[in-house]
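A.B. asks: Return a 3D structure for these sequence lines:
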Amino acid sequence: MDELSLLAKALPDAPPPSAEVVEKARARLSAARREPVRRRGANRRGLVWGWTLGAAAATVVVVMAVVTLVSNVTTVPEPVLVPPAGGNDDLLRLADQVAKLPDEGGDYWRRPLLNNGLLRVRAGGETFNVLYSSRIDLWQPGDPRDPVHVEQWQQYVRPATKADERAWRAAGSPATVRRVCTPGTRAGDCAKVRLHSKPSQCVYTRAAEPGGVLGDSRLGELTLADLAALPVDAGQLREKLRTYWKNDQDGHSTFEEFLSSSSALLELPVSPAVRAAALRLLAGLPTTKVLGPITDPLGRAGIEVTFVKSEGFSAEFGADDEVAERFATILDPRTGTVLTDNAEIAAESTEGLAKGTFMSYQAWAPEAGWTGERPERPTGCRLSDRPLP
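C.D. replies: This next block holds a predicted model:
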């Protein structure tokens, strides 16, 4: 299921976006992550895990039906490895801490992802924000002969804050609202949005992956065994990544640019020692910037960091088509794993949006990690004969 199918399910009354709108959304995501735009129909192995970078992030943007455009982007020189300095020392200290953690394991590695974002809407003379949420839950087996289990739910679309709820109730608690659009947008393009508070539209897949290859192919087609064999020394890990880069030149013009993608190791089931090596490697990249402590959208203490250029972008929100924003990754200050990724944060205030608000994000749910439990067919969930995004 691609992001347009998800859009149809999440916003059933919304007209489909034009090809131009979709391409602009994808271009903006690619620019934000310093990756090339891949046109529809590109010959590339699809990601099985719906929470991986491309499909999940694109879904957030398209479901919002907000075309976010790049503005004031300066050219970034090709990065080179340099000794860490300043704030990046925090990553080195975190790496030392992570390296002391015990190894973990279980029958399944579980990574549930919440794709959340804000919409500005109007109903009954009131204007307010709603928060939409979808969830994709992956169960990756330790034994490659066991099936990979993936569930996808539409979690809810509801008023974002208590103040938004009061405005919604003042509007008569409508079940359907309409998105607020920038001036000049055709009324038919301002989608209707149905509110709901309970998970719905569940689908799941359950099948063994040939060879135990992981669905996240950002670093190549790897297995759990490949991850277990990764070096725990940052220098040796760098050279191992060079072999992955040589095997997959698509989308990365230089090895140094590919190295920033090693942040994917902070989201994969690697040992704490390998994660520590990845943190040390990332700390030495000039594109890495530690911004300090932050509370993530789920209320968890974290460390805000960027691994690519993440400033100089603007987005639409409500009637405002020029809202400055930044992107960030939020790390767990104890384990070094990713708490929140692709966080789109307002860098200024506008009507209905305060500076520092998370406009959209992908957050790993607290139950993520290795587990001895095995996934079961969820009640009321439909088995899909196609891979989930």
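
A.B. asks: any idea which helix or strand comes after the helix or strand that contains residue 97?
C.D. replies: For residue 97, the enclosing helix or strand under DSSP states H and E is helix 89-98. Heading C-terminal from helix 89-98, the first helix or strand you meet, by DSSP H and E, is strand 108-123.

A.B. asks: what packs against that following strand?
C.D. replies: Helices and strands touching strand 108-123, by 3 or more Cβ pairs under 8 Å, 6 or more residues apart in numbering; DSSP states H and E, are helix 53-64, strand 126-141, strand 148-159, strand 176-179, strand 358-364, strand 369-371. All C-beta atoms are positioned from the backbone trio N, CA, C, and that covers glycine.

A.B. asks: Please name the strands paired to the longest one in the sheet, noting orientation.
C.D. replies: Sheet partners assigned to strand 126-141 using DSSP bridges are listed as strand 108-123 (antiparallel), strand 148-159 (antiparallel).

A.B. asks: and the angle for the longest one with strand 358-364?
C.D. replies: Angular relation of strand 108-123 and strand 358-364 on a 0 to 180 degree scale: 160 degrees, by axes from the mean of the first three to the mean of the last three Cα atoms, to 10 degrees.

A.B. asks: all helices for the chain, in order.
C.D. replies: Here the chain has its helices, by DSSP state H, at 3-10, 19-32, 53-64, 89-98, 162-170, 224-228, 234-247, 255-259, 272-283.

A.B. asks: neighbours of the closest residue to residue 131 other than its chain neighbours, just the number please.
C.D. replies: Distances taken as Cβ to Cβ, 6 or more residues apart in numbering place residue 160 nearest to residue 131, at 4.1 Å, with adjacent residues excluded. Neighbour count of residue 160, defined by other Cβ atoms under 10 Å: 21.

A.B. asks: Residue 277 is in contact with residue 234, correct?
C.D. replies: Yes. The pair residue 234 / residue 277 is scored as a contact, 4.8 Å apart, by Cβ atoms under 8 Å.

A.B. asks: more crowded one of the two?
C.D. replies: Neighbour totals were compared for residue 234 and residue 277, and residue 277 leads with 27 against 18 (other Cβ under 10 Å).

A.B. asks: and the more buried one, how far is that from residue 88?
C.D. replies: With distances taken as Cβ to Cβ, to the nearest Å, residue 277 is found 15 Å from residue 88.

A.B. asks: what do you get for residue 327?
C.D. replies: 18 Å.

A.B. asks: One more: residue 150?
C.D. replies: 35 Å.

A.B. asks: the more surrounded of these two?
C.D. replies: In this view residue 150 and residue 88 are compared by other Cβ under 10 Å, and residue 150 has more residues nearby, 25 against 20.

A.B. asks: hang on, the earlier thing: buried ones in the helix holding residue 97, by neighbour count?
C.D. replies: 90, 91, 92, 94, 95, 97, 98 (16 or more other Cβ atoms under 10 Å).

A.B. asks: For that helix, output the C-alpha coordinates as PDB.
C.D. replies: What follows is helix 89-98 as a C-alpha-only set of coordinates in PDB (Å, rounded to 0.1, in the frame of the first residue of the first chain):
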ATOM      1  CA  ASP A  89      31.300  15.700  22.500                       C
ATOM      2  CA  ASP A  90      27.900  14.900  24.100                       C
ATOM      3  CA  LEU A  91      27.600  12.100  21.500                       C
ATOM      4  CA  LEU A  92      31.000  10.700  22.600                       C
ATOM      5  CA  ARG A  93      30.000  10.800  26.200                       C
ATOM      6  CA  LEU A  94      26.700   9.100  25.300                       C
ATOM      7  CA  ALA A  95      28.700   6.500  23.300                       C
ATOM      8  CA  ASP A  96      30.800   5.600  26.300                       C
ATOM      9  CA  GLN A  97      27.700   5.100  28.400                       C
ATOM     10  CA  VAL A  98      25.900   3.000  25.700                       C
END
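
A.B. asks: which residues does residue 266 contact?
C.D. replies: 275, 278, 279, 331, 336, 337, 338 (Cβ atoms under 8 Å, 6 or more residues apart in numbering).

A.B. asks: okay, now the third one: neighbour count?
C.D. replies: This means residue 279. Using other Cβ under 10 Å, residue 279 is surrounded by 29 other residues.

A.B. asks: what's the nearest residue to it if we skip its chain neighbours?
C.D. replies: residue 95 (3.9 Å).

A.B. asks: Return the distance of the one you found relative to residue 88.
C.D. replies: Separation of residue 95 from residue 88 (Cβ to Cβ): 11 Å.

A.B. asks: Common neighbours of those two, please.
C.D. replies: Residues touching both residue 95 and residue 88 by Cβ under 8 Å, 6+ apart: residue 283.

A.B. asks: Can you list the low-confidence ranges for the stretch 251-389 of the chain?
C.D. replies: Along the stretch 251-389 of the chain, segments meeting pLDDT under 70 span 251-252, 310-311, 389.

A.B. asks: Kindly report the same for the stretch 51-200 of the chain.
C.D. replies: Looking at the stretch 51-200 of the chain by pLDDT under 70, you get 51-86.

A.B. asks: what about 50?
C.D. replies: Under the criterion pLDDT under 50, the flagged ranges of the stretch 51-200 of the chain are 51-85.
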